[in-house]
Every structure is written in C-alpha cells, then in structure tokens.
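Colleague: below: sequence and its predicted model.
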6 protein chains.
Amino acid sequence: MNDDLKKKTQETAKRLFGEGIKMDPPYVTWREFDKNLANDFSMFITGNLYSRAVLTLPERQMAACAMLAALRARDELKLHVNAALNVGCDPRKLTEVFFQLAPYAGMPAVNEALQVYREVLKERGGWPLR
Amino acid sequence: MNDDLKKKTQETAKRLFGEGIKMDPPYVTWREFDKNLANDFSMFITGNLYSRAVLTLPERQMAACAMLAALRARDELKLHVNAALNVGCDPRKLTEVFFQLAPYAGMPAVNEALQVYREVLKERGGWPLR
Amino acid sequence: MNDDLKKKTQETAKRLFGEGIKMDPPYVTWREFDKNLANDFSMFITGNLYSRAVLTLPERQMAACAMLAALRARDELKLHVNAALNVGCDPRKLTEVFFQLAPYAGMPAVNEALQVYREVLKERGGWPLR
Amino acid sequence: MNDDLKKKTQETAKRLFGEGIKMDPPYVTWREFDKNLANDFSMFITGNLYSRAVLTLPERQMAACAMLAALRARDELKLHVNAALNVGCDPRKLTEVFFQLAPYAGMPAVNEALQVYREVLKERGGWPLR
Amino acid sequence: MNDDLKKKTQETAKRLFGEGIKMDPPYVTWREFDKNLANDFSMFITGNLYSRAVLTLPERQMAACAMLAALRARDELKLHVNAALNVGCDPRKLTEVFFQLAPYAGMPAVNEALQVYREVLKERGGWPLR
Amino acid sequence: MNDDLKKKTQETAKRLFGEGIKMDPPYVTWREFDKNLANDFSMFITGNLYSRAVLTLPERQMAACAMLAALRARDELKLHVNAALNVGCDPRKLTEVFFQLAPYAGMPAVNEALQVYREVLKERGGWPLR
C-alpha cells in the first residue's frame, strides 16, 4: 500500500511539475532540513490529496491557483501556475480567475497574480496570450 | 449600453442568488449607506465581471468559493456556496476544493469552510451529502 | 514625567472612549491577566502614541478605522468607530473610507466594516445617516 | 507500520484532547464529509507531525498557540489552549506568549487570544489565574 | 455619461499619478491581459470611486495609505504614497499614520511602510524629512 | 526608574541582536523618521516586554519565531531567527517549529520560514545542520 502511495505521488508530481519553467519544488528545501518529514509531507500532499479523482487535475489546479493568489503566496503561485498549464488548463480561464480576485481579495492580489502569471508565460514562451 | 449592463446584472444576480438559503446579499447594506455607489458596485461586480463568458458560471463559482474560503470570509463564502449550488456546481467537487485548502491556507480555513458548507447544505435540505 | 504621561493617557482615553456605545475597552481584559503590563500597554498606546499632536484626534481616528477595517478586526473597529464619532469625525467621511476598502481589501472587508458601523450608529441613535 | 502510526495518532490525540473543555475536534467535521481523507489528515497531523519527539508536547503546544493566535484562528486556538494545559504548559507562560503578540500581530490578535484563553480557563475552573 | 466618466477617470489619474516617482500603474498590466476589463477596472476605481467628493483627494490618499500599509501591499503602497504627496498630503502626517499601524497591524507592517515611504521620498528628492 | 528601563532595554537588545548576521534592526529606520517615538517603541518592546522574566529569552524567541513565520513577516523573522540562535535556542527545535506551521498557516509559510532560516544559518556558518 505504501508502495502504491509512493508511485501515485511520483506520477502526480511528474504531471504537475515535470515540464515548463525551471523552479525547485519546496520538497527540495524540506529534504535539506529533514528527509523523513519531507517524505511525509510529499506523500500526504501530492500522494493522498492531489491523487484523488473527485477533481480532475486541471480543476484542482484552477482551485489551487485561485487560493494561492488570494493568499498572495507568490512562489507557490508561480509553481502552480506552471503546473496548471502543464496539465492543460485554458490560459484565458486562468487570467479570468486572477481578475476575479478583485472583489474578494482586492487589487493587490490581482496585480501580484497577473505579474507572476506573465513571468511564467514568458519563461514558457507563451507570452503574449493571443 | 447601460440598460444592457443593468439587465445583465439583474439576470446574473438572479441565477446566482435567486434560490436556496435566505440571506441578504451585501447590496442591501451598500444601498442603506449610498444608493449610487451601491449601484456602481453591483454593476461592476455582477454586471461587468460575473457576466463575462470566459468562465462558465459554475467554473467562476468554484473559483470564488476557493478564494473566499482561503480568505476566511465567512459571510461571503456562505452566499457563494449557495450560489455555486444554484448554478449547478457538483457538491462533491466543492467539498474537495475545501479539503484542498489544507496545504495552502491551513486547517483553520478548511474547518471554517466545511462548517459554512454544512450550514448551507442543511438549510437547503441537502445534508448529508450522499 | 511619568505622572504627566499618566495624565495624558487618561485625558486621551476619556475623549476617545468616554461616550457613546457601552463596550469594555481591551484594557479591562489586559488588567485581568497582568496589571503591570496592562499599564505599560495603555501608557504606550494611548499615552505615547495617541497623545502626539502631529495628527489631530479626528485624523488619527480616520486612519485607525481604515486600518482596523482592512485587518477585519471587528471588535477593535467597533470601539474605534465609536471613538471616531466621539472626537468629531464626519459620519459621511467614515462611510466613504469603508467603501474605499473595496479595491484594496476586497468586499468582505467593506461589508464587515459597514455592518459594524451600522451597529454603532444604531446604538448611538444616529441611524440612518441623513 | 500503519498500525503503529494509528496507535501513535490515538495516543497523542488522547493526551492533547482527552481532558478539559468539551469541544468537538475538527476530525468530527472532516469525517462527516469524507471518512478516508479524515483519516489521512489525522494520521498526518497528529500521527506523523505531533508524535515527533524533537519538541516535547508542551513545547509544541506553546508554538501552536503562538501561531494560531497570530493567525486569529479562534476555534483552533481554543482547542489548542486547552490541549496546552492538558499536557502541562505553565499557564503564566501562555499568558505571556499572548501578550508578546503585541509587537508582531497587533493588539486585535492579543485581545482575541486573551478572550479565548479566559473562556478556556473558566470552563476548566482555573480562572482567575493566581 | 460614459464620456463624462472617462474624463473624470483621466483627470483624477493625472492628479494622483502624473508626477513624482516613475512606476507603471497596475492599469498597464491589466491592459496586457484584457483591454476591456482594464477599462472597466479603471473607470470603476478611479472614475466612480476616487472621483467622489465626500473625501478630498488628500483625505482619500491618507486612508488609502493606511489600508495598503496594514495589508502589507508593498507595490500599491509605493504608488499611493507617491500619489499622496502629489495631491498635497502633509509628509509628517503620513509618517505618523505609518507609526500608528503599530498597535493594530504590528511592527512588520510599520517597518515595511516606513521603508517604502523612505524609498519614495528619496526618488522624489525629499529625503530626509526636515 | 527610566534609567533602569533604558539599561534593561540596552542589555536585552545586546543579548538578542549583538551577534551573528549583520542586519540593521528596525530601530534604525524608526529613528530616521522620529527619534522620540523610536525610543518609545524600543523601550516598550525591548524594555518593558522582552525584559519580563515569565518566559526565558529562548522560550520567548521560540514564540516570536513561530508568530513571525505564521505572519510571513520575512525581515523580522530573519532578525529573530538570528536572535533565537544568539540566546541559545536549539537549532533542531527551530526547524521543528517551522515544520509545525504546516497544518495551521499552510505550506507557503513553512517554505518561507525554512528559506529564511537557511539564509541565517549560512551567514552564521552553521549550515547544514548536522
């Protein structure tokens, strides 16, 4: 069962983070401090949570980007915007999610999200959006 | 053009808030303080923003619920969870979005979102989820 | 010098909190836990900070209300909205400050601030605003 | 190995939440929505994380209370203040941690934490602190 | 009427952002993603909201700076500190507003606001304040 | 008495910030804007609050680091992580406090805290932790 979880973790991580911009996932930092806990975190988040099929990966990434942008978590947003594009999210819908932050999280969150998004698109060669 | 915007505002508001739980939308409070600005807010948020077709209304509500839960905006989350169910969001996917807050916004946000969601489902007669 | 600070603290506290709604200031709670530190807090905040004359008390209260509303600190906002009215802030300008939260802190902050403001106005007998 | 994790989870949960105030832990809510994920959360948080011996349980609870108070997560703070007292944290040190929020998280966080703490002490029959 | 709104938007934008430090306003970013929505945002925020006369522009900017500093929205604070000086806010009163964040938002917000303010003053040639 | 407070302030400041990484404490910025208020802040925070003996300085610094990391106050966290090491906090316990942010403040707070901690350890020549 743990082998199965490990396999799911690795496959999901590859789909999310295997392409696009070059950026160390947080796992690298966790491992430098504590190898065991890094594995626990990774298996819990990517294995237990992200591998659940209730949401498709694109739906999950749209939600993750909405949350991270609302929280103004710049680095994690960058990682997950790239992952969203990797799993096939529609780039125009991502823009729209970031604009929709306006009435709830305010323009500072909108502005930061759009800047991060533009950076990712430029690194991936997908800027400007048509 | 302004008549067109007013009509879109009213139609979108009806689809989102016309059914389900009884809860005054914030518009009622805005209007008590300033009628003109209340209209400006409403036409901008519901008219200009929510009426855009890049996201379907269910997609938009999934994103709104993700953001509002991350921001721990309890009243607005209640309003928009109900709206999400009104426009046809899958109730199991909403649950999953709230669980996914865990690694980004932390368990206090998860717990509050699930409590709000349970309240709304109970008021709508849809609890427990099968 | 400390007597002077104590006197300034008491005079400023009286101008801010001596009238209007009935609500225990936080000082009462601090003192229940630690009498010495309660005095230190009070002399620092109300004595050292609030007694400075760079801002008039109404200007200071407008800024305090703007901050507390942005931080969604409901109880403290209630206390300071009342204090703002006690020191002569224009009630319509307070409304406008809360509306202006919209583009920066988002509508959840606007809605909470307006609700708190309406509660205070009702308790003071000043609702509705003409 | 999973049996071992389950046993550690249960033992740690009992030490933390087995006494004092009556309050449903969040696990009860999680389980109503999804039994499997509730177990994953519980085993990860209480099993993997809280059972680690780098920090003693009282040290861990002091840190948890500091964080939750800074985040103004009222319900979770209540739960963990009670747990802190259950595992033997010094009640005067808890007070001091909440006062120390002042320069970093501001007085709204101090005030909320002290109110929650007073509620818990009253329910446990430990108020006022000598 | 829309022409009137557009004119008010342009005039208010010029008074706020027409002088002082060089910094792209967020409008530039919005427009790169969606020209129509950028106009809607701009006309709503600068046109509908900022052009209202209940607050003078200096009063409005004092409130905006208080909020943005409390929210630790660094880029937007920089833009609006400059705008505050453009419309004639008293530089010593701005300092005082940032110090007053201390009891409500905590010292991290004070420190960030003062750093941003010092940067703006240096770029404008107004540092040190006499 | 004020001389006594000044002396306590200076002694505590020296123990906390006298060694390790080179980084201007916020006092330097406060003083550039207002010398009197800078002294009031410093005497209140470092003198009145940090000099209290209810918590040992290492206990106080563990709490300060937990709070600042939860608040994602990067600069202040850097200052206080260094201070924590100066007063003798166990480096492995600090790591554990930052990992424990996961269920409450979310992974963006964990990641930022670990990055800041790693920077400080590198500047002090204490990286990697054995």
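Modeller: Now that the structure is in, tell me what you want to look at.
Colleague: which bits of chain A sit near chain C?
Modeller: For chain A, the residues in contact with chain C (CB under 8 Å from any CB of the partner chain) are A:102-109. Any C-beta I mention is one placed from the backbone N, CA and C, and that applies to glycine too.
Colleague: farthest pair in these?
Modeller: Farthest apart among those by CB to CB are A:Pro103 and A:Pro108. That separation is 13.3 Å.
Colleague: tell me, which of the residues of chain A next to chain C make contact with chain B?
Modeller: Subset of those in contact with chain B: A:102-105, counting by CB under 8 Å from any CB.
Colleague: once you drop chain neighbours, what's closest to A:Arg124?
Modeller: Distances taken as CB to CB, 6 or more residues apart in numbering or on different chains put A:Gly20 closest to A:Arg124, at 5.2 Å, once the chain neighbours are dropped.
Colleague: number of nearby residues for the one you found?
Modeller: When neighbours are counted by other CB atoms under 10 Å in any protein chain shown, A:Gly20 registers 19.
Colleague: quick one, helices of chain A?
Modeller: A:2-17, A:26-33, A:35-42, A:57-70, A:74-86, A:91-100, A:102-105, A:107-124 (DSSP state H).
Colleague: tally of neighbours for the residue of chain A found nearest chain C?
Modeller: Nearest residue of chain A to chain C (CB to the nearest CB) works out as A:Gly106 at 4.3 Å. Residues near A:Gly106, counting by other CB under 10 Å, number 29.
Colleague: distance check, it against chain E.
Modeller: 7 Å (CB to the nearest CB, to the nearest Å).
Colleague: quick check: closest non-adjacent residue to that residue.
Modeller: For A:Gly106, the closest residue by CB to CB, 6+ apart turns out to be C:Gly106, at 4.3 Å.
Colleague: do the same with A:Lys8
Modeller: A:Ser51 (4.4 Å).
Colleague: returning to that earlier point: most surrounded residue in the ones next to chain B among the residues of chain A next to chain C?
Modeller: A:Ala105 leads those on contacts (other CB under 10 Å) with 30 neighbours.
Colleague: from chain F, how far out is it?
Modeller: Note on A:Ala105: its distance to chain F, by CB to the nearest CB, is 15 Å.
Colleague: hang on, the earlier thing: which residues sit in contact with the residue nearest to A:Lys8?
Modeller: A:8-9, A:11-12 (CB atoms under 8 Å, 6 or more residues apart in numbering or on different chains).
Colleague: show me just the buried residues among these.
Modeller: A:8-9, A:12 (16 or more other CB atoms under 10 Å in any protein chain shown).
Colleague: let me know the closest of those to B:Lys93.
Modeller: Proximity of those to B:Lys93 (CB to CB) peaks at A:Thr12, which lies at 17.9 Å.
Colleague: burial count for the residue nearest to A:Cys89 when sequence neighbours are not counted?
Modeller: Using CB to CB, 6+ apart and skipping the chain neighbours, the partner closest in space to A:Cys89 is A:Pro58 (4.8 Å). With neighbours defined by other CB under 10 Å, the count for A:Pro58 comes to 17.
Colleague: alright, that wraps it up for me.
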